[in-house]
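pasting a predicted model and its sequence here:
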Amino acid sequence: MGTAPLASGGNTISSGGGLTDRYAAALYAHASDVNALDAVVAEMEQLGLMIDGSADLKRLLSSPLIDVNTATKAARSVLEAQGFGKVVQDFVGVIAANRRLNALRAIVAAFATLVAEKRGVVVAEVQSAHPLSEVQEQQLRARLIEAGYGNVNIVKQVDPSMLGGLVVKIGARLYDTSLKSRLQRLQYAMKGAA
């Protein structure tokens, strides 16, 4: 699946559930009901890539100053121009009407996670200070398979504030080998010794 289910902004890897999970589950159920699940999955993946690649689209989604009707029309026209189907257009329209466009990227992420879960794919959300090379990604995938995670979808995010290392989140498990965390632990240890 090459989706990037990562919430935009800040240092967070994912939104944490609640609202985003409910929207994702509703879209999944509706797409299944109308026999359009595969098309919707592909379109939501494309939508995530579009959001990640467009500063203008990110501004539209995050701006509290844009009127709901204007934002809805703009989002629908972008989706229509890009060839998105009615299900995704209507879904984004509902999100806009409910004043939740700022959560759209997180909802796309939650949807990708839900799809992976339903299909038996484990999603490993990986943060690194620098983009992973193809070799590094293959090594990480091999390590995850060794650890018992069979069918793994690696989702990458770059966070330069980490300085180095990786943060890998798989479900509720978090593996943090980042230099930033190591320095924070050292700082706490030094405070305790003083």
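Perfect, thanks for sending it.

can we go C-alpha only for contacts and neighbour counts from here?
Noted.

report the buried residues of stretch 21-40.
Within stretch 21-40, the residues scored as buried using 16 or more other CA atoms under 10 Å are 21, 23, 24, 25, 27, 28, 30, 31, 37, 40.

which helix runs longest in the chain?
helix 37-53 (DSSP state H).

give me the helices and strands touching the next helix or strand after it, please.
Per DSSP states H and E, the first helix or strand lying C-terminal to helix 37-53 is helix 55-62. Secondary-structure packing of helix 55-62 (3 or more CA pairs under 8 Å, 6 or more residues apart in numbering; DSSP states H and E): helix 37-53.

report all helices and strands that the helix it packs on contacts.
Partner elements for helix 37-53 (3+ CA pairs under 8 Å, 6+ apart): helix 19-33, helix 55-62, helix 86-97, helix 104-118.

which of those helices comes out lowest on mean pLDDT?
Ranked by mean pLDDT, the helices and strands packed on helix 37-53 end with helix 55-62 at the bottom, a mean of 82.

relative to helix 55-62, how tilted is the helix or strand following that one?
Using DSSP H and E, the helix or strand that follows helix 55-62 in sequence is helix 68-81. Angle between the axes of helix 68-81 and helix 55-62 is 140 degrees (criterion: axes from the mean of the first three to the mean of the last three CA atoms, to 10 degrees).
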